[in-house]
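S.K.: Predicted model and sequence below, questions to follow.
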Amino acid sequence: MPFIEINGKKIEAEAGSMIIEVADCSNIQIPRFCYHKKLSIAASCRMCLVEVERAPKPLPACATPVTEGMKVWTRSPKALLAQKAVMEFLLINHPLDCPICDQGGECELQDLSMGYGQDASRYTEGKRVVKDKNIGSLIATDLTRCIQCTRCVRFGTEVAGIRELGATGRGECLEIGTFIEQSVSSELSGNMIDLCPVGALTSKPYRFTARGWELKQTPSIAPHDCVGSHIYVHTRRNQVMRVVPRENESINEAWVSDRDRFSYEALYHSDRLTQPKIKLKGEWQTVSWQIALEYIANRLSQIGSQHGANAIGALLSPNATLEEGYLLQKWMRGLGSHSIDHRLRQSDFRHQEGAPLFPGLGLPINELEQQSLVLLVGSDIRKEQPIIGLKLRKMALAGGKALVVNPVDVPFNFDIALKSIVCQGNLVLGLAKIAKALLNQSEIHFAKEAAWLASIEPEAVDIQMANLLRASGKKMIVMGALAASHPAFSQIKALTQLISELSGAKVGILTDGSNSAGAWLSGCIPHRLPGGKSVQGEAGFTIAEMFEKALKAYVLVNVEPHLDCIEGAKARRALEQAEFVVAINTFESPSLQKAVDVWLPLAPFSETSGTLVNTEGQWQSFVAVANPFEESRPGWKILRVLGNVCDIPDFDYETCEDVLAALRLEIGTPELTVIKPFCVDPIEYLANTDEIIRIAPIPLYASDGLVRRAPALQQTKDAGFRGLQINRTLATRLNLVGEAVRVQCEDCVMQLPLLIDEQMPDNTAMIFSGLEDTVSLGGPYSVLKLENI
Amino acid sequence: MTVILSLKAKQSIDAWLLKYPIDQKQSCVIHALKVLQDENGGWLTEGAIEAVAAYLAMPKIAVYEVATFYSMFELQPIGKHKISVCTNIACLLNNGDKIVQHLKKRLNIEWGETTQDGCFTLKEVECLAACDGAPAMQIGQIYYENLTPERIDDILATLEPKEIKDGK
């Protein structure tokens, strides 16, 4: 490794690195605008000019590779003169509007002009003006302030993988913009706000609400997906003002998804519960915590003694913390019921006994990009787990192969080597064909499996996939949300397991919410106690059984069942028939007023401490960044007191850390026999009929109650199309001509706008779920009837 | 609306595509834009940019960047004859400013404007690489060098519609 000298200091540098990288590692400051360690080198701003021995002119530190014995001066008279001159050029066209600029106080240009700028401008000519462009509800533009560093353009091209912003025109007329009036639609677009070194791109929801120096910064964990991105929450006077990424090289690097960044907007939504409320004789009454909690204890004990504890069931959001989950199950099990579930979007629970300790990726997130092959099963990865999408893109860019088995031909922002798009949502058939192709090539004899797959004929693409699977080194099968919500999920798991056995690929699953793994660990499943110990005696009801069996009482923790559960309509009906429903929720859902009997205001992630377990199994604790809003309380406190008023023994926790410590103790070192789910039952396939099967993904911005109430996110395209999407072939076959169609699912009929979309395979219709408008239409993979109006 | 490429345009682009590696179709973007501009009377519609993007598998914005970067591409309708006048140093030293003044006065338009009859568009351009013949201008594909106001009158007279020439 070459040694170089910067400002007289001898430094060992990595061969091939640039001067600026070496300086950054050694805490030597070099001013810069266009350089960013995560982006390609543009060397266009020239702010990082430094003096290098024997070089006749100052050289850009970001684009000059180090060589043995190189001597660099970053603050010599020659370097400073060059840096000051560049600064003066940059300020020629930059407006002097810092007092009204949202970037003021946290602006790289402002900071550097303090260091390198002149106190008075020599420039007296007119400045250029650039018209602002409307690029959507998340990013505000003030393009007159742009210094053309092109970080935003490079981010789109290199990281986000969709080239939406570009630099049009040239010379002095160069401007950043989109093609015609188009909004930026990347699920990671907000990162351009952080990257912009000036106030040209600022956050639309946050702008003009606070100044950087008024904010208090607290580290936290993003509460929406199983990645658990590291974030900073910025608060002012006990109010959350914005969320920004916190660098963590092993998880989210320097980025954060738009969902994690902008969901904070919902924290003070008008639906926010402020006080406990109980419904007495059909009238809502605001009551004190004491009264509400005692009322709940009384009603539940009454129902328990009348109908047995089995008549009580509890649903927990997969976003709830580990502590909330632990206390909820402890309370429910103390009452005598094992019916606790967090698997809101799962409908097939066969073989749950053999499941591992918790579902997850099975390897560290940043190892994904080192795979040489990833087979995605039932996943619109960008819209489910934006950060994982980014990792897979990195893998594909590094030459890894991405294979896809999906029920919809969703667009990816990286190259897909091979894809198998199945009709009628039949992922089982799609996987069976790949398994069969592998089985045909296998030297080992799998008699039973061969018998099940006897009638399966692999196609060319399946054989190619099998070949790639066998040939690749590090490989992985990753199941997504469309697989987990499938009515034959257990068979999908069995087949992925078989493919894994035959090819040597690892298997992982990306779960809903930010803490599904934690919910399994803390025992929020009907058949297991904390730490994966089996329930003695009979297991409780799964979520599907809880709705099927129409229980007498339900406890909800941060769940809006009609939107969060896979069978929204069924869930709401079950709640409405129940005698007693307690909702410990952050928001009061207008459409659950009939079902709910007690609302308890729950503090969201920003107002509670807690722990989330991400998909790689990392326990990530965070603290409250603000005091609870009005009368709301952290979930662990509410559940603790509920345990106390119900006289459950050993329920005296003083702090959130106490709860966590108790859980750790109870989990201990889990010993668990994982039963590989292959060798289950014969594989069933949907008959290849003309039935139209509904695919029902959750839109990116309908994934939980917080996101659904975030106004800026709701104005984007990813809030979800409220209609029906089918391909032209199906529309022609059914002779659908109008702009809307009549959709029937069992006994529910509704009219929906029609969108012809060639992403859809034959006999497959997509209607998003998780949206208020289509709740009554039933769940995914149901059979639809379509007619003209 | 995306323009549908004509057979002739496709053939022309395909011929050029052969000159580049198959995974670098974007190398052909300038030629493709030129073909579509010529077919459309000298300017590019949004649909033409979209069509080129689709044909060469490029992001639309990347094609748009190219179309806005080069002064030979027009994004608005222009007159029948585009007069591109050099205002770089060699031409200016040779009385190029007088040429510009004369053109503006005679056509009664400013930079970037088109005469009312739709015959001429006046465009200021950077060096035409004709410094030996400065001052210079380009009309359509033809270069005119060593210009004087009188010579300009003669040149324009040959291009103006007949009615105007006859004074009708």
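M.R.: Structure received. In this text, all values refer to a predicted model and were calculated from it rather than measured experimentally. Numbering: from 1, shown residues only, chains lettered A, B, ... in the order given.
S.K.: switch to C-alpha atoms for all contacts and neighbour counts from now on
M.R.: Fine.
S.K.: OK, contacts around the residue in the stretch 351-500 of chain A positioned nearest to chain B?
M.R.: Closest residue of the stretch 351-500 of chain A to chain B, Cα to the nearest Cα: A:N413 (11.9 Å). Taking Cα atoms under 8 Å, 6 or more residues apart in numbering or on different chains, we find A:N413 in contact with A:160-162, A:393.
S.K.: mind redoing it with 10 Å?
M.R.: Counting by Cα atoms under 10 Å, 6 or more residues apart in numbering or on different chains, A:N413 makes contact with A:157, A:159-163, A:186, A:381-382, A:389-390, A:392-393, A:396.
S.K.: Most neighbours of all those, which one?
M.R.: A:L392 (29 neighbours; other Cα atoms under 10 Å in any protein chain shown).
S.K.: Surely that residue touches A:V404?
M.R.: No. Taking contacts as Cα atoms under 10 Å, A:L392 lies outside contact range of A:V404: 12.0 Å.
S.K.: Around chain B, which positions in chain A sit nearby?
M.R.: A:157, A:162-171, A:173-180 (Cα under 10 Å from any Cα of the partner chain).
S.K.: Quick check, A:E691 in contact with A:K785.
M.R.: Yes. Between A:E691 and A:K785 a contact is recorded at 8.2 Å, counting by Cα under 10 Å.
S.K.: Contact partners for A:R742?
M.R.: A:R742 touches A:724, A:736, A:749-754, A:785-789, counting by Cα under 10 Å, 6+ apart.
S.K.: repeat that with 8 Å
M.R.: Applying Cα under 8 Å, 6+ apart, we find A:R742 in contact with A:749-752, A:786-789.
S.K.: possible to save the residues you listed as TSV with distance to A:G362 and pLDDT?
M.R.: Output for the contacts of A:R742, formatted as TSV (distance: Cα to Cα, whole Å; pLDDT from 0 to 100):
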residue	distance to A:G362	pLDDT
A:V749	43	94
A:M750	42	94
A:Q751	43	95
A:L752	41	96
A:L786	42	94
A:E787	45	93
A:N788	48	93
A:I789	49	87
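S.K.: Ranking by neighbours, what's the top pick from these?
M.R.: Those, ranked by neighbours (other Cα under 10 Å): first place A:L786, 21 neighbours.
S.K.: ok, and the closest non-adjacent residue to that residue?
M.R.: Using Cα to Cα, 6 or more residues apart in numbering or on different chains and skipping residues adjacent in sequence, the residue nearest A:L786 is A:V743, 4.9 Å away.
S.K.: and the one you found, what does it touch?
M.R.: A:749-752, A:784-787.
S.K.: Wasn't B:A67 part of a helix?
M.R.: Yes. Applying DSSP: H, G, I helix; E, B strand; the rest coil, one finds B:A67 inside a helix.
S.K.: Pretty sure it sits against B:I61.
M.R.: No. Judged on Cα atoms under 8 Å, B:A67 makes no contact with B:I61 at a distance of 9.6 Å.
S.K.: State the pair within the contacts of A:R742 that is farthest apart.
M.R.: The largest separation in the contacts of A:R742, counting by Cα to Cα, is between A:V749 and A:N788 at 12.4 Å.
S.K.: Neighbours of the nearest residue to A:Y653 once chain neighbours are set aside, how many?
M.R.: Closest residue to A:Y653 in three dimensions, ignoring its sequence neighbours and counting by Cα to Cα, 6+ apart: A:V659, at 6.1 Å. Neighbour count of A:V659, defined by other Cα under 10 Å: 22.
S.K.: Can you give me the domain assignment for chain B?
M.R.: Following automatic domain parsing, one finds the domains of chain B at B:7-69, B:81-165.
S.K.: Just give me the residue right at the centre of the chain.
M.R.: No chain in the question, so chain A it is. Ranked by distance to the mean C-alpha position of chain A (Cα atoms, centre = their mean), the top residue is A:D225 at 3.5 Å.
S.K.: my bad, the chain I had in mind was chain B
M.R.: Note: chain B centre (Cα atoms, centre = their mean) maps to B:M72, 4.3 Å.
S.K.: Could you pull up phi and psi at it?
M.R.: Main-chain dihedrals, B:M72, degrees, to the nearest 10: phi -80, psi -10.
S.K.: Show me which residues of chain B sit near chain A.
M.R.: Within chain B, the positions near chain A by Cα under 8 Å from any Cα of the partner chain are B:59-62, B:64-66, B:68-70.
S.K.: Could you list the low-pLDDT ranges of the stretch 351-500 of chain A?
M.R.: Residue ranges of the stretch 351-500 of chain A with pLDDT under 70: none are present.
S.K.: Next, find the distance separating A:V743 from A:A571.
M.R.: 21 Å (Cα to Cα, to the nearest Å).
S.K.: show me where pLDDT drops low in chain A?
M.R.: Using pLDDT under 70, chain A drops low at A:672-688.
S.K.: Let's see that with 80 instead.
M.R.: A:180-182, A:445, A:670-689 (pLDDT under 80).
S.K.: What is the longest strand of it by residue count?
M.R.: With secondary structure taken from DSSP state E, chain A has its longest strand at strand A:748-756.
S.K.: just checking, what packs against that strand?
M.R.: Using 3 or more Cα pairs under 8 Å, 6 or more residues apart in numbering or on different chains; DSSP states H and E as the contact criterion, the elements in contact with strand A:748-756 are strand A:724-726, strand A:740-745.
S.K.: okay, those strands, which one's buried deepest?
M.R.: strand A:724-726 (a mean of 23; mean count of other Cα atoms under 10 Å in any protein chain shown).
S.K.: if we can go back for a sec, run the chain-centre distance for the helix or strand following the longest strand of chain A.
M.R.: Sequence-wise, the next helix or strand downstream of strand A:748-756 (DSSP states H and E) is strand A:764-766. Here strand A:764-766 shows a centroid-to-chain-centroid distance of 24 Å under the convention Cα atoms, centre = their mean, to the nearest Å.
S.K.: How about stretch A:716-727?
M.R.: 19 Å.
S.K.: Dump it to PDB, restricted to CA.
M.R.: Presented in PDB, the C-alpha positions along stretch A:716-727 are these (Å, rounded to 0.1, in the frame of the first residue of the first chain):
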ATOM      1  CA  THR A 716     -47.700   9.800  -4.600                       C
ATOM      2  CA  LYS A 717     -48.400   7.100  -7.100                       C
ATOM      3  CA  ASP A 718     -47.400   4.400  -4.600                       C
ATOM      4  CA  ALA A 719     -50.400   5.100  -2.500                       C
ATOM      5  CA  GLY A 720     -52.000   2.600  -4.800                       C
ATOM      6  CA  PHE A 721     -54.300   2.600  -7.800                       C
ATOM      7  CA  ARG A 722     -57.900   2.200  -6.600                       C
ATOM      8  CA  GLY A 723     -59.200   0.000  -9.300                       C
ATOM      9  CA  LEU A 724     -58.800  -3.200 -11.300                       C
ATOM     10  CA  GLN A 725     -55.800  -4.000 -13.500                       C
ATOM     11  CA  ILE A 726     -56.000  -6.800 -16.100                       C
ATOM     12  CA  ASN A 727     -54.200  -7.400 -19.400                       C
END
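S.K.: Thanks a lot, see you next time.
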